[in-house]
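1. A structural model of the following input is requested.
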Amino acid sequence: MIATPQLTTNQPTAQGHSPTANGHSLFSTFTIGSYLATRLEQIGLKHHFAVAGDYNLVLLDQLLLNERVSQIYCCNELNCGFAAEGYARENGAAACVVTYSVGALSAFNALASAYAESLPVILISGSPNTNDLGTDHLLHHTLGTLNFRYQFEMARHITCEAVAITHAEEAPWLIDKAIRAAFRNRKPVYIEIPCNLSGALCAPPGPRAELLDLPESDPASLAAAVDAASAFLRKAVRPILLAGPRLRSYGGEKAFRDLAEAVGCAVAVMSGAKSVFPEQHSQFIGLYLGSVSSPGCNELVESADAVLAAGPIFNDYTTVGWSSQPSANKTIHVDPDRVHVAGVTYNDVFLNEFLAALAEAAKKNPTNSTTLTEFRRTRVETIQPPIADADTPLTRLEMCRQIQAVIDPNTTLIVETGDSWFNGFNMALPSGAKFEIEMQYGHIGWSVPATFGYALAAPDRRIVLMVGDGSFQLTAQEVCQMVRHKLPVVIFLVNNSGYTIEVEIHDGPYNNVKNWDYAGIMNVFNSTDGEGQGFRATGKELAVAIGEALAHKTGPTLIECTIDRDDCTKELMEWGSRVAAANGRPPQRG
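-> Have a look, this model is predicted:
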């Protein structure tokens, strides 16, 4: 859920001047860099992520003047962006600072993830000296042309707002414009600051509130949408509520739960919305993912005559290769800024306001609990796998059984693209536990730096990561930052010799990876001053390693779990075959 940023205004400014009632001296001297630093603090950031480069060094110095927002360094710009994306999931917003071109173009991949996952990440890039703009100067780190706007033009396609500062007096307005857009749209933004303007003087920042004035629904459109949805639900005999991943991004979790309890029908969650609705709730029927849904869930969703889908993402992955999706004529489809009721669209209606208003208007019908009653009558109880013999090779089932015991109400479970998705879907989450996944963008390697960022934002939670060996190799360096900051993250690394998810979609030699000594790599990251732990678990060692991990509070613990290459979930095999079929459809002429 997106947190509401908090700020104690009666504090010194970034330059150390005495504050007035709004937190700033009327005579404070602000530079563009210190203005930005204050704004980052005002929107609730306690950290920002950075990779140094000569175009952003003065800016980094200026940001360091604000000691209440720590500067956190990453191994490369891709990881820096993903760390910010993970931070935003828990904190509500995030920022990362990179250098021009060689840094930003790498960070753009992670920024695209933030866009796909609806997360307000602020990417700040240093850029060339303003005196070089419009001249015949060739500059380093560029494409070797005289066009220095290509980075800005690229950024416009993966953000909801991109600004490039070229004059100091414009900086406050442009910075505020970008930050305001990030919160209004729950999407990333881009700010470009030339290297010779970071220390230039500008006007002081105003109050925080002006950044966070979120849009409100059009009253007439909201009322019409609520009336239409209420009537639609009243006529339904077999209604279902379906929680989608955008509920989390747009802060609609409480309103959705209130609506569910007002209607009284069965509630399912999409894969990206696991933990959005409590799994112990009496109305919860499981995870909806087409033919690989939780037992009994798919049949009830498919047979419903009314499906209210709040914040859903129906793509080829979540529909299992377009094989399963509620039809539009029986769906109330709630997007972040509009509502569709049985094919009719109501614009300028915002998700949280709509759900809250519908919860007040909705009434229980005697038939609303029909699907819930059927589910309880036909429910198949999940049987816990037996405890494996300690002397036998480790299996996926035994690994998951032991990981399940680690998850308590204070745990956040983060799962990487691959069979870790499906292992995570099968975990039972106690009330209070959280679940993080990147299923829209699906970038393998996302989870390691995202876990680093998330752990910084949630120092009091138990952070558990499930990641495959192939994905780990893409971004493994960021484990060293977990060591650096003494973060007690528990990493279950599944070593099954390659990209298992790709194997199930389409196999070939390109799905094999060079094996690493994953447990041993912790010694490399520790060097002489780190306290990370590495364990290799092939059987009876796993329980011992988990005990050590839970007791260790001064660094991460990586547990390498070696299992057979073909030991994967049946859900991955089914899902992979259907996605492969969708990918392999022959071309059709219009």
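2. just the helices in the stretch 151-300 of the chain please.
-> With DSSP state H, counting those that start in this stretch as the criterion, the stretch 151-300 of the chain has helices at 171-185, 219-235, 246-249, 253-263, 297-303.
3. which of the ones you listed is buried the deepest?
-> helix 246-249 (a mean of 25; mean count of other C-beta atoms under 10 Å). For the C-beta atoms, the positions are set from N, CA and C on the backbone; glycine is no exception.
4. which residues are contacting that helix?
-> 1-2, 117-119, 186, 252-253, 256, 272-273, 276, 310-313, 335-336, 351 (C-beta atoms under 8 Å, 6 or more residues apart in numbering).
5. Let's check: the centremost residue of this protein is which one?
-> Compute the mean C-alpha point of the chain, and by C-alpha atoms, centre = their mean the closest residue is residue 89, 5.0 Å away.
6. looking at this, it is in a helix?
-> Yes - according to DSSP: H, G, I helix; E, B strand; the rest coil, residue 89 belongs to a helix.
7. Name the nearest residue to residue 106, ignoring sequence neighbours.
-> With sequence-adjacent residues excluded and distances taken as C-beta to C-beta, 6 or more residues apart in numbering, residue 106 is closest to residue 77, at 3.9 Å.
8. For the one you found, grab the count of nearby residues.
-> 27 (other C-beta atoms under 10 Å).
9. again, but for residue 314
-> Going by other C-beta under 10 Å, the residues that sit close to residue 314 add up to 16.
10. Residue 388: what secondary structure?
-> Under three-state DSSP, residue 388 falls in the coil class.
11. ditto for residue 63
-> Following three-state DSSP, residue 63 is assigned to helix.
12. residue contacts, residue 304?
-> 236, 238-240, 326, 330, 371.
13. are any of those buried, and which?
-> Neighbour counting with 16 or more other C-beta atoms under 10 Å marks 236, 238-240, 326, 330, 371 as buried within the contacts of residue 304.
14. Now flag whichever of those residues is closest to residue 412.
-> residue 240 (27.4 Å; C-beta to C-beta).
15. how far away is the closest one from residue 330?
-> Relative to residue 330, residue 240 is positioned 10 Å away (C-beta to C-beta, to the nearest Å).
16. Give me the common contacts of the two.
-> Joint contacts of residue 240 and residue 330 (C-beta under 8 Å, 6+ apart) are 304, 306-307.
17. how about TSV for those residues, with secondary structure added?
-> Converted to TSV, the shared contacts of residue 240 and residue 330 look like this (three-state DSSP):
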residue	secondary structure
304	coil
306	strand
307	strand
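18. From the residues you listed, pick the one nearest residue 515.
-> Taking C-beta to C-beta as the measure, residue 515 lies nearest residue 307 of the shared contacts of residue 240 and residue 330, at 45.4 Å.
19. For the closest one, which residues are in contact?
-> 239-242, 301, 326, 330-332.
20. give me phi/psi at the residue nearest to it when sequence neighbours are not counted?
-> Spatial nearest neighbour of residue 307, excluding adjacent residues (C-beta to C-beta, 6+ apart): residue 326 at 4.3 Å. According to degrees, to the nearest 10, the main-chain angles of residue 326 amount to phi -60, psi 140.
21. gap between residue 326 and residue 174?
-> Distance, residue 326 to residue 174, using C-beta to C-beta: 43 Å.
22. show me what contacts the residue nearest to residue 120 when sequence neighbours are not counted?
-> Distances taken as C-beta to C-beta, 6+ apart place residue 182 nearest to residue 120, at 3.8 Å, with adjacent residues excluded. Listed by C-beta under 8 Å, 6+ apart, the contact set of residue 182 reads 93, 120-122, 160-161, 188-189.
23. Residue 221 too?
-> The neighbours of residue 221, taking C-beta under 8 Å, 6+ apart as the test, are 346-349.
24. Hmm, residue 55 is touching residue 195, no?
-> Yes - counting by C-beta atoms under 8 Å, residue 55 touches residue 195, with 4.7 Å between them.
25. shared neighbours of these two, anything?
-> Residues touching both residue 55 and residue 195 (C-beta under 8 Å, 6+ apart): 126-128.
26. Just name the closest of those residues to residue 392, please.
-> residue 126 (55.3 Å).
27. hang on, the earlier thing: of the helices of the stretch 151-300 of the chain, which is nearest residue 365?
-> Closest approach to residue 365 among the helices of the stretch 151-300 of the chain is made by helix 219-235 (6.3 Å; C-beta to C-beta).
28. quick one: that closest one to helix 253-263, angle?
-> Helix 219-235 runs at 40 degrees relative to helix 253-263, counting by axes from the mean of the first three to the mean of the last three C-alpha atoms, to 10 degrees.
29. for helix 219-235, the distance to its chain's centre please.
-> 31 Å (C-alpha atoms, centre = their mean, to the nearest Å).
30. Same question for stretch 178-189.
-> Counting by C-alpha atoms, centre = their mean, stretch 178-189 is centred 15 Å from the centre of its parent chain.
31. residue ranges with poor pLDDT in the stretch 301-450 of the chain?
-> Scanning the stretch 301-450 of the chain for pLDDT under 70 picks out 380.
32. all helices for it, in order.
-> So, for the stretch 301-450 of the chain - with DSSP H, counting those that start in this stretch - the helices run 351-361, 370-378, 396-404, 419-425, 447-457.
33. list the buried ones in the second one?
-> If you call a residue buried by 16+ other C-beta under 10 Å, then helix 370-378 has these buried ones: 370-372, 374-375.
34. For residue 469, which non-adjacent residue is closest in space?
-> That would be residue 495: by C-beta to C-beta, 6+ apart, it lies 4.7 Å from residue 469.
35. Now do the contacts for the one you found.
-> Counting by C-beta under 8 Å, 6+ apart, residue 495 has contacts 469, 515, 518, 560-563.
36. Most neighbours among those residues, which one is it?
-> residue 561 (27 neighbours).
37. So that one versus residue 500, what's the distance?
-> 13 Å.
38. Confirm residue 122 sits in a strand?
-> Yes - according to three-state DSSP, the state of residue 122 is that of a strand.
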